[in-house]
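# just a sequence and a predicted model for now, questions to come.
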Amino acid sequence: MRYHQLRLCSIVLVLLAIVATAEESSAQYSYKFHDSLGTYEVRFTPASESSRFTQSHTKPLLPRTHEIRLSTSYGGTTWSGEVANTFDVEYYGDALTTPVFRGPSHRYTLTLDYGYWVNEWLSIGASVTYMAGLRNLYNSSTQARVLTIHDDNLSIMPIARFAWYRRGIVQLYSSAGVGLGLNLWNRYYYGREVMTEFYCAFDFKPLGISVGRKWFGFVEVGYGSRGIVNAGFGVRINNKTR
């Protein structure tokens, strides 16, 4: 009885070995071709999941991907740390002899970002933001435009992004940056003078979402030089997919 059990176990082990070998060989995708010269066999080995040339369809990007973003925003901060859209662009000076009234202030923001994804969850890069503040002054009698005053801000900062959710073409992330800011404004005492002030620029976005792989759109919410709400589009380079 024991002899038959050992024999049966041996047969089962042999069969399992044959099946395992067959599965391994099939995983190599072996193909045979025939022509007048003979028979040829070609074997394809699947790429390793850890290879940077493979990408899971459940992830929006690969490591070592370059990223460029262009966006606009509402509510960027000035040199004093205040939200720019909450106060007016002011006129400084007494060079005007004609009575004037002031039109509404306008703020326009443009941001260019570059990022390099060291791995699938960490990006290191830089951000440049230009915020133009404009306001027209009009002649009180004729209502003709007399002057356009400026109060502009330029900020340059390194920035890091942390992607804490990655699924399909959707990525949720947070970002932070700190750098140098330059405030440019006009003063009119004895003619027009361009005044400059340097300050510490910063930006913190606790919540950002991007949708897409190579081309993507994104929206970020937070506080700093890049606005309270920042939205735009971007492109990823060297993002090889299967």
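That came in fine, so what should we check first? Residues are numbered from 1 along each chain as shown.
# show me where pLDDT drops low in the protein?
Flagging of the chain using pLDDT under 70 yields the residue ranges 1-31, 33, 40, 42-58, 95, 239-242.
# one more time with 90
1-64, 75-106, 119-120, 135-137, 139-151, 167-168, 185-195, 213, 238-242 (pLDDT under 90).
# and the strands in it?
Taking DSSP state E as the criterion, the chain contains strands spanning 30-35, 38-43, 65-74, 100-117, 122-139, 145-167, 170-188, 192-212, 215-224, 229-237.
# now the last one - C-alpha only, CSV.
Once side chains and other backbone atoms are set aside, the C-alpha atoms of strand 229-237 remain, and they are given as CSV (Å, rounded to 0.1, in the frame of the first residue of the first chain):
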residue,chain,number,x,y,z
VAL,A,229,-7.2,78.8,-7.3
ASN,A,230,-4.7,77.9,-10.1
ALA,A,231,-5.9,76.1,-13.2
GLY,A,232,-4.3,75.2,-16.6
PHE,A,233,-2.9,72.4,-18.7
GLY,A,234,0.4,70.6,-19.2
VAL,A,235,2.4,68.1,-21.2
ARG,A,236,4.6,65.2,-20.0
ILE,A,237,7.6,64.3,-22.0
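# re the thing from before, so can I have TSV of the strands of the chain showing distance to Gly93?
C-betas here are computed from N, CA, C, even on glycine. As requested, the strands of the chain are arranged in TSV below (distance: least, CB to CB, whole Å):
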stretch	distance to Gly93
strand 30-35	82
strand 38-43	81
strand 65-74	29
strand 100-117	12
strand 122-139	11
strand 145-167	9
strand 170-188	3
strand 192-212	9
strand 215-224	30
strand 229-237	34
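# I figured Arg64 hits Arg236, correct?
No: the criterion here is CB atoms under 8 Å, and Arg64 misses it with Arg236 at 10.8 Å.
# which one of the two has more residues nearby?
Per other CB atoms under 10 Å, whichever of Arg64 and Arg236 has more neighbours is Arg236, with 21 against 14.
# contacts only, for that one.
Shown in contact with Arg236 (CB atoms under 8 Å, 6 or more residues apart in numbering): Leu61, Thr65, His66, Glu67, Arg213, Lys214, Trp215, Phe216.
# buried ones among those residues?
Neighbour counting by 16 or more other CB atoms under 10 Å classes Leu61, Thr65, Glu67, Arg213, Phe216 among those as buried.
# closest to Thr142 out of these?
Ranked by distance to Thr142 (CB to CB), these are led by Phe216 at 50.0 Å.
# quick one: residues contacting the residue lying closest to that closest one once chain neighbours are set aside.
The shortest distance from Phe216 to any non-neighbouring residue, by CB to CB, 6 or more residues apart in numbering, is to Ser210 (4.8 Å). By CB under 8 Å, 6+ apart, Ser210 lies in contact with Pro60, Val170, Gln171, Tyr173, Phe216, Gly217, Phe218, Gly234.
# quick one, which of those are buried?
Among the contacts of Ser210, those scoring as buried are Pro60, Gln171, Tyr173, Phe216, Phe218, Gly234 (criterion: 16+ other CB under 10 Å).
# how far away is the spatially most central residue of the chain from Gly217?
Nearest to the geometric centre of the chain sits Arg69, at 5.6 Å (CA atoms, centre = their mean). Distance, Arg69 to Gly217, using CB to CB, to the nearest Å: 10 Å.
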